[in-house]
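In: pasting the sequence and the predicted coordinates here, then a few questions.
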Amino acid sequence: QLIVSVRDTGIGMNAQTIERLGEPFFTTKPVGAGTGLGLSISYGIVSRHGGKLRFESQVGKGTTAFVELPFTK
């Protein structure tokens, strides 16, 4: 299994936001600033390859995104 992680030091997310990240059209941005499709599409691509996309976050401390993909021969 390959795991790639990316961490930021932004504002972080609460549990309710993390639960909704894969929903099409869900966004925390103001109207007109985003469509909310990026992570939904990413979830689809990763899952079609047998992987997982998950997030760990603390409000005020940032977020870590994990892309987990199986190794295939």
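Out: Right, received. Where do you want to start?

In: where do the strands sit along the chain?
Out: All strands of the chain, identified by DSSP state E, fall at 2-7, 52-58, 62-69.

In: figure out which of these is closest to residue 20.
Out: strand 52-58 (11.0 Å; Cβ to Cβ). C-betas here are computed from N, CA, C, even on glycine.

In: before we move on, back to that, now mean pLDDT, mean neighbour count and distance to residue 18 too, for the strands of the chain, in TSV please.
Out: Formatted as TSV, the strands of the chain follow (pLDDT from 0 to 100; neighbours: other Cβ atoms under 10 Å; distance: least, Cβ to Cβ, whole Å):
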stretch	mean pLDDT	mean neighbour count	distance to residue 18
strand 2-7	97	10	15
strand 52-58	97	16	5
strand 62-69	98	16	8
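
In: need those in CSV (columns: distance to residue 43).
Out: Compiled in CSV, the strands of the chain are given as follows (distance: least, Cβ to Cβ, whole Å):
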stretch, distance to residue 43
strand 2-7, 15
strand 52-58, 5
strand 62-69, 10
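
In: those strands: which one's closest to residue 16?
Out: strand 52-58 (11.2 Å).

In: paired strands for that closest one, with orientation please.
Out: strand 62-69 (antiparallel) (DSSP bridges).

In: please export the C-alpha coordinates of the partner strand as PDB.
Out: Only the C-alpha atoms of strand 62-69 are listed here, as PDB (Å, rounded to 0.1, in the frame of the first residue of the first chain):
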ATOM      1  CA  GLY A  62      -4.500  22.600  10.200                       C
ATOM      2  CA  THR A  63      -5.400  19.600   8.200                       C
ATOM      3  CA  THR A  64      -3.600  16.500   6.900                       C
ATOM      4  CA  ALA A  65      -4.900  14.700   3.800                       C
ATOM      5  CA  PHE A  66      -4.100  11.100   3.100                       C
ATOM      6  CA  VAL A  67      -4.300   9.300  -0.200                       C
ATOM      7  CA  GLU A  68      -4.000   5.600   0.200                       C
ATOM      8  CA  LEU A  69      -3.500   3.400  -2.900                       C
END
